[in-house]
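**Student:** Build the 3D model from these lines:
(2 chains)
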Amino acid sequence: MTKSVERDPAVAAMLDRRDERVRHAQGIGGVIRSFLDRVRSGDLGSLPVVIGLVIIWTVFQTLNPVFLAPNNLVNLLFDSSTVGVMALGIVCILTVGEIDLSVGSVSGFASALVGVLWVNQGWPLALAILAALAFGTVIGAGYAFLFNRFGMPSFVSTLAGLLSILGLQLYLLGSTGSINLPYDSPLVNFGQLLVMPAVVAYVLAAVPGIALLVLEYRTANRRREAGLSSDFFGRLLLRAVVVTVILEAIVYYLNLDRGIPWMFGLFVGLVLAMNYALTRTKWGRSMTAVGGNREAARRAGINVHYIYATAFMLCSALAAVGGILSAARLASASQQAGAGDVNLNAIAAAVIGGTSLFGGRGSAYSALLGIIVIQSIASGLTLLDLSSSLRYMITGAVLAIAVIVDSLARRSRVSHGRA
Amino acid sequence: MTDTSQELSDGAELVLSLRGISKNFGAVSALTEINLDVHAGEVVALVGDNGAGKSTLVKILAGVHQPSSGSVTFRGKPVTLADPSAALRLGIATVFQDLALCENLDVVANIFLGRELSPLRLDEVSMEVKAWTLLNELSARLPSVREPVASLSGGQRQTVAIARSLLLEPKLILLDEPTAALGVAQTAEVLDLIERVRDRGLGVIMVSHNMEDVRAVADRIVVLRLGRNNGVFEPDASNQDLVSAITGAANNSVSRRVTRRQAQSDQAPTPEARR
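**Tutor:** Okay, the predicted model is just below:
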């Protein structure tokens, strides 16, 4: 009656392959098939943002051939780094299912603080930067206190923070309204000029592929020894080669002009560190758990208040870092810093990159991908000499599309049992 | 209505002892002066109607709620269960009725939630092996431990939740309606599992509505009614006695229904009366 399927005894012996009802991907074809299955069920990952980026780049390149020139892309990386770091903080806070609307104000105040302490008061630069970081962390701790102690929704507390910190920034800068940072200082050089030497860039671009291969190969060996299924070596090698080729190609192209900005290097470094923290540490696991089901996390013995506090503090501290970087980029700390669309660009970048507004789903890479989308739009429209009114409208539309994709994918995940 | 705990204990270690536990939510007294003893290697079933205070009692033992008054003694020492992690540290593991799983995390992450191996560099391989070991002990049929829990059926989720509670090798396990969402075979497996857990010398408190399951596995049946102790029974107690203790009177809707059915079947035996 029951049709017995021939099964490889070696496969059947594996701990995680005992259930013969489950189809497991085998070979390259199986890998592709399981990827398509995942996408169809709404587990989109970073697919929408990559497709969106291709469309945006194609459109702007046909409208203005300068857009994809190495020079413009290097500028784009400089600009991406500042708001990108803030978006990284937003990823952090969205992961636990909360929001911080004040990252723009915090960044503006941090830049003002650095300007006042360093230029006007004559503090050492490092001390001024530390003070700004400490300020950001304290602000985050304040939100966390309001949230944990009084249950104040983060939406409201950070909205109040947006206004009060903006006021603080205007007060601090006083009547002058703007402080120019010295052009020959290391901070401004970092924000405007410093790029990696070509050799360093090539070497750094080779690191991820090699690290991926070595680490995954070791994991695969450990899994095999423990009696679990493991990736075959060819697949690991293929992935490492693809990653390395892509990264080296990007470096080569950008090296045709000035090269990779160190500031962008710092941003990517922070993204990698955040990715490690979110996916490979107990803290990151707790963050995702709190964002997915707060009560379950609490009952599992996770200190939920502590997790919220770290999320808020990290978000504000990263906003302060972003503020310092944008002061460096503009060589000034002004009343306009952090105002306008900075706030929403940071949030939009995280969401466009694929971090869910509903909490519990997010990746550090979404800040990187999302900010490149946002900056591409800004840069492309600037090249076309379009006014900021159009830029706002188009960025808003892209954000709306991203949220719609997120909601639809979520619904599809629920109906496919993958929420 | 006699307290049979003394005869049953046979000198086994008294794992948990509650004396005079009360819990008020505002003006509502959810629990009043509850006494409860659980010995090592004993399954105590906690039964009662809706609103009898079963879930509140479980939550107090799990450290989710704090009692308004009364004392908790665990393995001979008076303890306060200030929060869930305090209860876990002592060795009280809880499987909640809503299972308290994070649907966005995979099975391994859920089983190890809050007690991951090597916190700064998660040891995914060891965790996955341990997860499979636990699940195989429960003879569970899970397609993959790397899928989010959202993709699992109700029974599979129950299995994951029980596997998780066993991870810390607790002294006392609280099961809140463990069989409510399960199919026939899985119910039997969970009951087997409960017996296996008991034979390892653990105390088990099981909350259930299902009298059949309770009788099948419990060593003692403790009845709560409107937040008060309302008798302790042995598993061979008659259904009539249990029901009247649960509902609080011999004359209740259940007994009236039984009597009516009895009368009908006496007059004209119909196929349905055999039920």
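**Student:** quick one, helices of the stretch 151-275 of chain B?
**Tutor:** B:154-166, B:184-199, B:211-217, B:239-247, B:253-267 (DSSP state H, counting those that start in this stretch).
**Student:** Could you find the closest non-adjacent residue to A:Ser111?
**Tutor:** Take A:Ser111 and drop its neighbours on the chain: the residue closest to it by CB to CB, 6 or more residues apart in numbering or on different chains is A:Ala327, 3.6 Å away. C-beta here means a position set from N, CA and C on the backbone, and glycine is covered the same way.
**Student:** May I ask which helix or strand encompasses the one you found?
**Tutor:** In the assignment (DSSP states H and E), A:Ala327 maps to helix A:304-330.
**Student:** Kindly report the same for B:Thr32.
**Tutor:** Element membership for B:Thr32, per DSSP H and E: strand B:28-39.
**Student:** what sits up against that strand?
**Tutor:** With CB atoms under 8 Å, 6 or more residues apart in numbering or on different chains as the contact definition, strand B:28-39 has outside contacts at B:5, B:8-9, B:12-24, B:44, B:46, B:53, B:56-57, B:60, B:67, B:70, B:172, B:203-205, B:222, B:224, B:227-229.
**Student:** Kindly report the same for stretch A:49-67.
**Tutor:** Outside of stretch A:49-67, the residues within contact range by CB under 8 Å, 6+ apart are A:68, A:72, A:352-354, A:366, A:369-370, A:372-373, A:376-377, A:379-380, A:383-384, A:398, A:401-402.
**Student:** Give the buried subset of those as a PyMOL selection command.
**Tutor:** Here is the PyMOL command that selects the buried residues among the contacts of stretch A:49-67 (16 or more other CB atoms under 10 Å in any protein chain shown):
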select buried, chain A and resi 68+72+352+353+354+366+369+370+372+373+376+377+379+380+383+398+402
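**Student:** tell me the mean pLDDT over the one helix or strand A:Val156 maps to?
**Tutor:** When secondary structure is defined by DSSP H and E, A:Val156 falls within helix A:154-173. Taken as a whole, helix A:154-173 carries a mean pLDDT of 93.
**Student:** Only the buried residues of that helix, if you could.
**Tutor:** Residues of helix A:154-173 classed as buried by neighbour count (16+ other CB under 10 Å): A:154, A:157-158, A:161-162, A:165-166, A:168-169, A:172-173.
**Student:** does stretch A:91-106 come close to chain B?
**Tutor:** No: with CB under 8 Å from any CB of the partner chain as the measure, stretch A:91-106 is seen stopping short of chain B, the closest distance being 10.3 Å.
**Student:** nearest to chain B, of the buried residues of helix A:154-173?
**Tutor:** Minimum distance to chain B across the buried residues of helix A:154-173 is 19.4 Å, recorded for A:Ser154 (CB to the nearest CB).
**Student:** what about stretch A:188-205, how long is it end to end?
**Tutor:** Here the two ends of stretch A:188-205 are set 25 Å apart, with distance taken as CA to CA, to the nearest Å.
**Student:** quick one: buried residues of it?
**Tutor:** Of the residues in stretch A:188-205, those buried under the neighbour-count criterion (16+ other CB under 10 Å) are A:188, A:190-191, A:194-196, A:201-202, A:204-205.
**Student:** contacting residues around it?
**Tutor:** With contact meaning CB under 8 Å, 6+ apart, stretch A:188-205 is reached by A:74, A:78, A:181-182, A:244, A:247-248, A:250-251, A:254-255, A:258-263, A:265, A:325-331.
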